[in-house]
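Enquirer: Predicted model and sequence below, questions to follow.
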Amino acid sequence: MNPEIIFADTNLFLRYLTNDIPEQADAFEQLLRRAIAGEFSLHTNSLVMAEIVWALESHYHQQKDEIQSKVLAILNTPGIEIIDSETILKAIIWYTEKNVDFIDAFNGAWMIDQGISTVCTFDRKQFSRFEGIKIVIPSN
């Protein structure tokens, strides 16, 4: 019998990564230990990861390299299954290396993963930093 799957929401990760509410950070650590022990399987997704990046940037005022380290830590945490983890990995690297917004980095990485090489956007600045992606700007 497979263990129960439990969705891990953004605030769990934020408490743990920032330790701004130590009791909640400790509670999540205990939850992680139980997941590692196989009592259940924690799953999360790319929207949660995007929200983590956004919150760490806008609310906690952390630098991109600090945020990248934290996202990489989550991606490498035993007991957590992250949907689209390879795309998130590529995106968080581009986020810092190419100095782009995380969502644009994710979208660029997702496009490449899907075999899509053209983006239609008004945001030439962000997407021009991704090799192999052609930009089409709509016009009248």
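Expert: Thanks, I have it.
Enquirer: How many neighbouring residues does the residue nearest to Phe7 when sequence neighbours are not counted have?
Expert: Among residues not flanking Phe7 along the chain, His43 sits closest, at 5.8 Å (Cβ to Cβ, 6 or more residues apart in numbering). (Each C-beta comes from the backbone N, C-alpha and C, glycine too.) Counted by other Cβ atoms under 10 Å, the residues lying close to His43 total 15.
Enquirer: So for the helix or strand harbouring His43, mean pLDDT?
Expert: According to DSSP states H and E, His43 maps onto strand 40-44. The average pLDDT within strand 40-44 is 96.
Enquirer: neighbouring strands for that strand, and are they parallel or not?
Expert: When sheet partners are counted by DSSP bridges, strand 40-44 sits next to strand 4-7 (parallel), strand 80-82 (parallel).
Enquirer: Could you export that strand as PDB, CA atoms only?
Expert: Provided in PDB are the C-alpha atoms of strand 40-44 (Å, rounded to 0.1, in the frame of the first residue of the first chain):
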ATOM      1  CA  PHE A  40       3.200   9.800   4.100                       C
ATOM      2  CA  SER A  41       4.500  11.500   1.100                       C
ATOM      3  CA  LEU A  42       4.600  15.300   0.900                       C
ATOM      4  CA  HIS A  43       4.000  16.800  -2.600                       C
ATOM      5  CA  THR A  44       4.000  20.400  -3.800                       C
END
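Enquirer: For the helix or strand following that strand, enumerate the helices and strands it packs against.
Expert: Moving toward the C-terminus from strand 40-44, the next helix or strand (DSSP H and E) is helix 46-58. In terms of contacts (3 or more Cβ pairs under 8 Å, 6 or more residues apart in numbering; DSSP states H and E), helix 46-58 is packed against helix 10-18, helix 64-75, helix 85-97, helix 102-114.
Enquirer: Helix 46-58: how far from the chain's middle?
Expert: Put simply, helix 46-58 sits 7 Å off its chain's centre (Cα atoms, centre = their mean, to the nearest Å).
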